[in-house]
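> Predicted model and sequence below, questions to follow.
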Amino acid sequence: MASVLRASQSIFRRSSGKPTAVEVGRSLAEFYGRQAPWEEVRPFIECLFRLSPDATRASPGDFSAE
């Protein structure tokens, strides 16, 4: 949780309160680079997107090869 707070603070310091997609991407790349666990990344993602509690896993849908 502390790293999410640091990432968020870092974005806002650099952006004058209006983070750009590039700044958010840098933070996401930092999480990915150190393979941060979902529990740590989720609060940051929830600041960007509204996550559905009943979301289903992604699948190829009807377009999968048989």
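Yep, it's here.

> Only C-alpha atoms from now on, for both contacts and neighbour counts.
OK.

> does Asp54 count as helix, strand or coil?
Classification of Asp54 using DSSP: H, G, I helix; E, B strand; the rest coil returns coil.

> Near it, how many other residues are there?
Counted by other CA atoms under 10 Å, the residues lying close to Asp54 total 6.

> quick one, phi/psi of it?
Dihedral pair for Asp54: phi -110, psi 30, per degrees, to the nearest 10.

> What pLDDT is listed against it?
What the model reports for Asp54 is a pLDDT of 77.

> Gln35 now?
94.

> now do the one 10 residues further on
Per-residue confidence at Ile45 stands at 85 (pLDDT).

> tell me which element it falls in.
Here Ile45 sits within helix 38-48, counting by DSSP states H and E.

> What segments of the protein are helices?
Taking DSSP state H, the helices of the chain run over residues 2-15, 21-33, 38-48.

> Between helix 21-33 and the shortest one, find me the angle.
The one in question is helix 38-48. Orientation check (axes from the mean of the first three to the mean of the last three CA atoms, to 10 degrees): helix 38-48 against helix 21-33 gives 170 degrees.

> got the buried residues for helix 38-48?
Buried residues in helix 38-48, defined by neighbour count with 16 or more other CA atoms under 10 Å: Val41, Phe44.

> That helix packs against which elements?
Contact analysis of helix 38-48 by 3 or more CA pairs under 8 Å, 6 or more residues apart in numbering; DSSP states H and E lists helix 2-15 as its packing neighbours.
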